[in-house]
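S.K.: Coordinates only, no sequence provided:
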């Protein structure tokens, strides 16, 4: 897979890993290449658990998380189970650790601060859609910024794709496939939750690597049983949708005059009965309690609408919107803009969150 990395005036370039092959071999190469980084993520989790456990120590809490993570295993598609096992073997860490890295959001469901917009039609100079997203996290923000990795994947018997994530992570929460379908996962607070489904980021990878257009990707994702609530933005050059998802139900929102916005609450009437409560601030989070409220989600949505209405949106303008202090916050660990028509992405490369306040690196794929 060929790609081009734009210089950023001295800022460190994004770590990029190219992987191909059958699931187990792809995973094994992933684990071998990033073994040290995977162990660093495990240490960060153990250090956090030690700090919040008072006198009990980290290991009992970690064992509980491993036990809960295993409940998802029977519902993970076999090829992803093989890839996860390959990562564990390549990194020489326990299978439970890699599984936990891939399902921790399904367990915690505690990231209600993300923001995304898709703009096309009269909002862009050529009418093609652009997708911008901030992924905000309540914990481990420093290590997540440091360990951010662009995976360029060529799985056997499926579409090549790019996934912006972290060592050990097999799912896709921010990515684009070779056909030019881009994806951004946002948590949505929902009462529709279960262990009996495909973990969210694996469900979304399944849609992205199996579909050459937005309707096909949406269909694959809606057909698969899920686990938690999400607002999922899907975008190609010509169209965009937001899937409002619960574990067993979903609705599709379409752009209004070329603009589609999402934060962390359902906007469609069909999903209103499943709207859930926002979680409390987790211990030791660098964010304020206000960041864990629907009021904050509604406020960011209104600010996105306000800023997007200022004029024609280009990648640089969307980067400015994502960096706005009323949208970004101290948990913004990923910020990216996709141009599906040209197969380009721009990834924020600041050393600390909010990363969108630093330079963006331009990357041309395929």
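M.R.: That came through, no problem. Because the structure is predicted, anything quoted here is derived from the model rather than measured. Numbers count the residues shown, from 1 in each chain.

S.K.: Counting neighbours, show which residues of stretch 82-101 come out buried.
M.R.: For stretch 82-101, burial by neighbour count (16 or more other CB atoms under 10 Å) applies to 82-91, 93, 95-101. Where C-beta positions appear, they are placed from N, C-alpha and C, glycine not excepted.

S.K.: Same question for stretch 331-343.
M.R.: Neighbour count says stretch 331-343 has 331-341, 343 buried, by 16+ other CB under 10 Å.

S.K.: What residue, apart from its backbone neighbours, is nearest residue 20 spatially?
M.R.: Closest residue to residue 20 apart from its sequence neighbours, by CB to CB, 6 or more residues apart in numbering: residue 154 at 3.8 Å.

S.K.: Buried residues in the strand or helix carrying that neighbour, which are they?
M.R.: In this structure, residue 154 is located in strand 149-155 according to DSSP states H and E. Going by neighbour count (16+ other CB under 10 Å), the buried part of strand 149-155 is 149-153, 155.

S.K.: Switch the residues you listed over to JSON lines, and while doing so, append distance to residue 49 to every line.
M.R.: Converted to JSON lines, the buried residues of strand 149-155 look like this (distance: CB to CB, whole Å):
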{"residue": "149", "distance to residue 49": "24"}
{"residue": "150", "distance to residue 49": "29"}
{"residue": "151", "distance to residue 49": "27"}
{"residue": "152", "distance to residue 49": "33"}
{"residue": "153", "distance to residue 49": "31"}
{"residue": "155", "distance to residue 49": "33"}
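
S.K.: Which pair of these spans the longest distance?
M.R.: The largest separation in those, counting by CB to CB, is between 149 and 155 at 16.8 Å.

S.K.: and the chain, what are its domains?
M.R.: Residue ranges for each domain of the chain read 19-106, 109-365, as given by automatic domain parsing.

S.K.: picking up where we left off before, sheet partners, orientation included, of the strand holding residue 154?
M.R.: When pairing is defined by DSSP bridges, strand 149-155 lines up against strand 15-21 (parallel), strand 161-165 (antiparallel).

S.K.: one step back: go through the buried residues of strand 149-155 and name the one nearest residue 191.
M.R.: Distances from residue 191 to these, taken by CB to CB, are shortest for residue 151, at 32.9 Å.

S.K.: Straight-line length of stretch 48-62, end to end?
M.R.: The straight-line separation of the ends of stretch 48-62 (CA to CA, to the nearest Å) is 10 Å.

S.K.: list the buried ones in it?
M.R.: 48-49, 58, 61-62.

S.K.: Save the residues you listed as JSON lines, and put in distance to residue 160, pLDDT and secondary structure too.
M.R.: What follows is the buried residues of stretch 48-62, written out as JSON lines (distance: CB to CB, whole Å; pLDDT from 0 to 100; DSSP: H, G, I helix; E, B strand; the rest coil):
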{"residue": "48", "distance to residue 160": "35", "pLDDT": "96", "secondary structure": "helix"}
{"residue": "49", "distance to residue 160": "37", "pLDDT": "96", "secondary structure": "helix"}
{"residue": "58", "distance to residue 160": "39", "pLDDT": "94", "secondary structure": "helix"}
{"residue": "61", "distance to residue 160": "38", "pLDDT": "95", "secondary structure": "helix"}
{"residue": "62", "distance to residue 160": "35", "pLDDT": "97", "secondary structure": "helix"}
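
S.K.: so which of those comes closest to residue 218?
M.R.: residue 48 (35.6 Å).
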